[in-house]
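> when you get a sec, could you give me coordinates for this:
(chains A and B)
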2 protein chains.
Amino acid sequence: MAKEVTSREENYSQWYNNLVLKADLAEQSAVRGCMVIKPYGYAIWEKMQNQLDKMFKETGHVNAYFPLFIPKSFLSREAEHVEGFAKECAVVTHHRLMADPDGSGLVVDPSAKLEEELVVRPTSETIIWNTYKNWIQSWRDLPILCNQWANVVRWEMRTRLFLRTAEFLWQEGHTAHATEQEAIDETQMIVELYAQFAREYMAMPVVVGRKSESERFAGAVDTLCIEALMQDGKALQAGTSHFLGQNFAKAFDVQFANKEGGLDYVWATSWGVSTRLMGALIMTHSDNHGLILPPKLAPYHVVMVPIFKTEEEHTQLLERMYELKKELEAAGLSVKVDDRDNLRPGFKFAEWELKGVPARIVIGPRDLAAGVVELARRDNLNKESVPQEGLAERLLALMDDIQENIYAKALKFREENTFKVDSWDEFKEKIEEGGFLLCHWDGTAETEAKIKDETKATVRCIPLDSFVCKEEGKCIYSGKPSHERVLFARAY
Amino acid sequence: MAKEVTSREENYSQWYNNLVLKADLAEQSAVRGCMVIKPYGYAIWEKMQNQLDKMFKETGHVNAYFPLFIPKSFLSREAEHVEGFAKECAVVTHHRLMADPDGSGLVVDPSAKLEEELVVRPTSETIIWNTYKNWIQSWRDLPILCNQWANVVRWEMRTRLFLRTAEFLWQEGHTAHATEQEAIDETQMIVELYAQFAREYMAMPVVVGRKSESERFAGAVDTLCIEALMQDGKALQAGTSHFLGQNFAKAFDVQFANKEGGLDYVWATSWGVSTRLMGALIMTHSDNHGLILPPKLAPYHVVMVPIFKTEEEHTQLLERMYELKKELEAAGLSVKVDDRDNLRPGFKFAEWELKGVPARIVIGPRDLAAGVVELARRDNLNKESVPQEGLAERLLALMDDIQENIYAKALKFREENTFKVDSWDEFKEKIEEGGFLLCHWDGTAETEAKIKDETKATVRCIPLDSFVCKEEGKCIYSGKPSHERVLFARAY
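Reported below is the predicted structural model:
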């Protein structure tokens, strides 16, 4: 089974698609660009959701739900927002189908044309700020710290499972504040929350930074982001947090009576991560055998496979396995016993490797008699024989070890693929090999566009964390003065 | 504040709308028929979701996600399904907007017309069975027990918050089985699960029964349901579980190799509950003071209100309240301290009564000195002074008591409003007063339609539980022979 996965070296893009399909994470649906998230893939997404939701609530946020549809006119209210989001979107124009008068099938009922077309939300700033208008009168109504878990639609021309789909699932936070500083602090706090989630749960190193003007969210004053480096040397934007200034408050006329008795426009932020994180997770850790899942997000921590010749042996082994399963589950581990009687162990091994289960336990009749199991870890494929006694503690420690190990491995990869580049020739050469390039840039959109045209590389971010590199230098492209290095890469 | 709620006696429908709005549960949005679920309402829905999700998983189900859009042609595949669901729906016809060439604003780009229109899912049987076709080859692939939490759209002409909205949130389970019996068992198991949820968590008595042919889900062989009685004497269908036979498997050509080596069509079920449950919850328990929430679904179990004259008193009281909050939270209770300094206690009392918080704790300076609190319960408005010591245990017991008490109250109401009726004249009279009417019916759609025309009452279900009443009798309308009583009522 594992043999069917194209190797990364052969064709990275096909390797990725193969993994998503063969590990039962997702598949294309009958609707162009829309995916089906299969149960195994959804179980991982649910674990992400649960953890993020917990972190949002711990930082004072509450969930709510706003409409799927946005009146067309709302999109044009914020001048920049309309440019970014009114283009490729799903437009509802009618509210009824009828039997085709000329035969079988259905046609749109022309008499059921909507007075104003509705757009399926590509993001919800407009409908939410139109709602907040009624929620906010005084500074006592602030802050509002809402999040929603929802589906959104952007009519992308080229789609790839999880990475870019017409419909995707995400969370979008939309907060309203009385002061500029409070909104800026929120934007910053959330990007740090995302970074913490990426590092601690996805075991994915990220750079926290600020977007350049041309990569900013349409309608934002400032966009902060986390950027990760994939195994093929391309960057992936994994989450964004926007300081929206008073742009949406002005577009939807949301003012409040401040403490001093005056009227002010409300300050806003919005922020989101999506099922795109699934793509990032896959491409950060997996190998030619399949997925490698961080224990903190794995649907199963442990899979157990019996090795037997007779039916009697199978029964005995399964009996012991279900006992062990109970013990392990009591310790907080999630366990799958592969009791299928029609498949060879080798097939099962390959399948669970493909699915990235962190640990595999194999028991044969001799192991059973000796009170041991064979324990294999997915991250480095090492195997050892260990006693059945104390298995839960051993596995708990192993989960921590795998979680740390795959983070360390990904971090090492990023370090080995991050380069300071100081000349245009070197840039053009290096960018072909992939990786993060830390370079001086003159800060102009013009230069950025030219670099993109010539190399497909963009400013991923102006780093804010340990990647900050404030020093005098010259723009690699224009030679104009620059005061800090920024992060360039080709990106998903 | 509470005075602003219209009384139930005065205008039941307005009382309901008032509650939904004033308790901050939901509101109308700018999009016709689509609601905004506000944080307090969404917190209740989240509690419902969490419990149901747990129950689904305990019974072997997994979550997945299928596309929002359904190709128009899919809807016509199942002959009856199309009748039920292809009528009032949101139709996506284009995938792009462009700047209006004649001025400002946006218009639909005529060049971006879809080849085939897409319908925003009103329910997902068609897209899911089209997907299952690729998942199912052999009996070893069965059963498939998927659920999805999603939004759906039905273009209802008359909408009411939670009860009937154009967009609503729900879960829809879609299972595939190798045998008819297994699918029938699943249908039955789920309707019992819904009934258990309604009784134990919502504290809402329900009748489990089977729908008559005309009330059946479009495309189902059999629809089971739970029916609840609202305080105004109208019935509310709170959940349905459908045995779909092989209808969708045939429509989408989903066959499997059975154990005997032959080819069979797959057997199906589907089942769902929605944000409509929020409406049911409100109308089962609430009174003229506002919501009454069952402790198992209440966002806060306890609210604490200090009574103070000086700022110093306020500080002292809050200090003690936050200590108590910690103790109560450690015991698993959810606690809100109302520390607002600009509102009178009476205003706060009314607000938290309106929001249905099960218990209120009031502390004044003298209580503080005496080590007591005033404890008020929302369900019967009783108040007593109790010691601060042992408060957590007392409140935990109180929560159980309130949960049982409001169930008992609702059950008593239903018993007092369920009548055996044996003549048409009595039926016409009784139906005006509301309630469940247990009557003989000749089992024909014709009679059912006539009864509906004349009285607006429908067969809510043919009871399957303690309401079963198998006995010989004569149809109240046609006088033809009948072998059991069925449940009639006017319904939401």
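
> give me the element the residue nearest the centre of chain A is part of.
Nearest residue to the geometric centre of chain A (CA atoms, centre = their mean): A:Leu277, 1.5 Å. Using DSSP states H and E, the element containing A:Leu277 is helix A:276-285.

> average pLDDT across that helix?
Across helix A:276-285, pLDDT averages out at 98.

> ok, it near chain B or not?
No - Helix A:276-285 lies apart from chain B when judged by CB under 8 Å from any CB of the partner chain; the minimum separation is 11.4 Å. In this view, the C-beta of every residue, glycine as well, is placed from N, C-alpha and C.

> can you name the next helix or strand after that helix?
Per DSSP H and E, the first helix or strand lying C-terminal to helix A:276-285 is strand A:302-306.

> for that following strand, name the packing helices and strands.
Judged by 3 or more CB pairs under 8 Å, 6 or more residues apart in numbering or on different chains; DSSP states H and E, the packing partners of strand A:302-306 are helix A:311-330, strand A:335-337, helix A:345-354, strand A:359-363.

> just checking: what are the partner strands of the second one?
Spelled out, it's strand A:335-337. When pairs are called by DSSP bridges, strand A:335-337 turns out to pair with strand A:302-306 (parallel).

> quick one: the residue in the stretch 101-250 of chain A positioned nearest to chain B from A:Leu21, how far?
Per CB to the nearest CB, A:Trp155 is where the stretch 101-250 of chain A lies closest to chain B, at 4.3 Å. Here A:Trp155 is placed at a distance of 23 Å from A:Leu21 (CB to CB, to the nearest Å).

> again with A:Gly262
For A:Gly262, the distance to A:Leu21 - CB to CB - is 59 Å.

> still on that earlier bit, check contacts around the residue of the stretch 101-250 of chain A closest to chain B.
A:Trp155 is in contact with A:Gly33, A:Glu88, A:Cys89, A:Ala90, A:Ala166, B:His95, B:Arg96, counting by CB atoms under 8 Å, 6 or more residues apart in numbering or on different chains.

> which element is it on?
Per DSSP H and E, there is no helix or strand for A:Trp155.

> now A:Trp170
Going by DSSP H and E, A:Trp170 is in strand A:167-177.

> now the residue in the stretch 251-400 of chain A positioned nearest to chain B: how far from A:Glu4?
Closest residue of the stretch 251-400 of chain A to chain B, CB to the nearest CB: A:Asn342 (7.2 Å). Computed as CB to CB, the A:Asn342 to A:Glu4 distance reads 19 Å.

> who has more neighbours out of those two?
Between A:Asn342 and A:Glu4, A:Glu4 has the larger neighbour count (other CB atoms under 10 Å in any protein chain shown), namely 10 against 7.

> quick check, pLDDT for the more buried one.
71.

> grab the nearest non-local neighbour of it.
A:Lys22 (6.5 Å; CB to CB, 6 or more residues apart in numbering or on different chains).

> angles on the backbone of the one you found, please.
Main-chain dihedrals, A:Lys22, degrees, to the nearest 10: phi -80, psi -20.

> hang on, it packs against A:Val5?
Yes - contact criterion CB atoms under 8 Å: A:Lys22 and A:Val5 qualify, at 6.1 Å.

> identify the contacts common to these two.
If you check A:Lys22 and A:Val5 against CB under 8 Å, 6+ apart, the residues they both contact are A:Gly290, A:Leu354.

> what's the longest helix in chain A?
Secondary structure of chain A per DSSP state H: the longest helix is helix A:391-416.

> can you point out the buried residues in the lowest-mean-pLDDT helix or strand in chain A?
Using mean pLDDT, DSSP states H and E, the weakest-scoring helix or strand in chain A turns out to be helix A:79-85, at a mean of 80. By neighbour count on 16 or more other CB atoms under 10 Å in any protein chain shown, the buried set for helix A:79-85 is A:His81, A:Val82, A:Gly84, A:Phe85.

> shaky segments in chain A?
Scanning chain A with the threshold set as pLDDT under 70 gives A:1-3.

> domains of it?
Structural domains assigned to chain A are A:2-55+A:132-285, A:300-400, A:418-489, following automatic domain parsing.

> please identify the most buried of these.
Across those, the average number of neighbours (mean count of other CB atoms under 10 Å in any protein chain shown) peaks for domain A:2-55+A:132-285, which reaches a mean of 20.

> so how far is it from its chain's centroid?
7 Å (CA atoms, centre = their mean, to the nearest Å).

> and if you look at stretch A:367-385?
On the basis of CA atoms, centre = their mean, stretch A:367-385 sits 33 Å off its chain's mean C-alpha point.

> end-to-end on that stretch?
End-to-end distance for stretch A:367-385: 9 Å, by CA to CA, to the nearest Å.
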